[in-house]
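A.B. asks: pasted the sequence and its predicted model underneath.
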Amino acid sequence: MLDARDTALQSACPTVAMPRFGPAPEIAPGQRVLVAANGLFLQVKTAWLECQIRIGNIDIPLHYGQAQPFIHCAFGKIPQQPLREFVHWAREALPNEVAGGLAYSTGDGALRLVRFEPLSQSPHHVAYRIPPLRTDEVLAMDLHSHGHDAAFFSATDDADDMGIKIAGVFGHLDRAAPSSRFRLVAGQLKLDLPSPQDQFSPAGGSSWNIVSTRRC
């Protein structure tokens with residue numbers, strides 16, 4: 001008989017074998033580990049995200065089915081406007097850092113920039129309070145700036161980035177085209193995502209697809 005603590009842990013993140021001759025059972029909101037013939041996969045499902053990420057290899061033959069990694073965001077492409085708005089706000093705050101996020105509406109599927117309230121800020125840090133969201137919103141993306149410095153994820157970011165979200169940082173905000181870094185955060189897992197090269201150049205461009213909605 002399982003210890004009650006093990007039962008609670010396995011209920012929070014169950015392990016499922018990938019069927020060989022059919023699809024895996026539908027995942028409920030939350031996360032689970034999928035054991036497939038070609039590796040171990042972390043599956044996550046939220047109001048705005050469904051993903052399947054390889055977290056380990058299997059070197060022995062198993063009689064399970066194959067699984068494929070993918071990342072699917074319910075909102076598809078990230079619109080430029082809220083990101084441009086964040087960059088504009090971050091430039092106004094130079095040389096200090098700022099923090100904000102993109103809230104996803106489960107009602108209409110829209111993304112809205114939320115400016116986090118700074119409690120203290122400097123060219124090298126920002127402490128903040130997240131304001132209340134609307135009743136139909138969840139925070140999908142976490143953003144902060146690095147002022148004149150390059151965009152990178154610091155040791156502090158690594159410690160703070162938990163939960164399920166896309167994290168982004170913009171740097172070199174004194175330049176026409178700032179640098180940027182983005183990653184998917186799923187608990188302890190951090191997965192680098194493509195960053196735009198000329199998203200904020202004077203030439204502009206079309207909407208930026210942060211993560212592909214196509215299963216790969």
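C.D. replies: All right, it came through fine.
A.B. asks: chain center to the one helix or strand in the chain whose mean pLDDT sits lowest, what's the gap?
C.D. replies: Across the helices and strands of the chain, mean pLDDT, DSSP states H and E gives its lowest value to helix 4-12, namely a mean of 89. Its chain's C-alpha centre lies 26 Å from the corresponding centre of helix 4-12 when counted by C-alpha atoms, centre = their mean, to the nearest Å.
A.B. asks: can you give the contact residues for that helix?
C.D. replies: Residues from elsewhere that reach helix 4-12 (C-beta atoms under 8 Å, 6 or more residues apart in numbering): 2, 30. (C-beta placed from N, C-alpha, C; glycine too.)
A.B. asks: sort out which residues of whichever helix or strand comes after it are buried, please.
C.D. replies: Next helix or strand after helix 4-12 toward the C-terminus (DSSP states H and E): strand 15-17. Neighbour-count burial for strand 15-17, counted by 16 or more other C-beta atoms under 10 Å, picks out residue 16.
A.B. asks: so which residues make contact with the following helix or strand past strand 15-17?
C.D. replies: Counting by DSSP H and E, the next helix or strand C-terminal to strand 15-17 is strand 30-36. Defining contact as C-beta under 8 Å, 6+ apart, one finds that strand 30-36 is touched by 12-18, 24, 40-45, 52, 55, 58, 62, 64-67, 186-187.
A.B. asks: again, but for stretch 152-164
C.D. replies: Outside stretch 152-164, the residues that reach it (C-beta under 8 Å, 6+ apart) are 44, 46, 49, 125, 142, 144, 146, 167, 169, 171, 181, 183, 185-188, 190.
A.B. asks: repeat that for stretch 115-129.
C.D. replies: For stretch 115-129, the external contacting residues (C-beta under 8 Å, 6+ apart) are 89, 93, 95-101, 130-131, 144-145, 147-149, 156.
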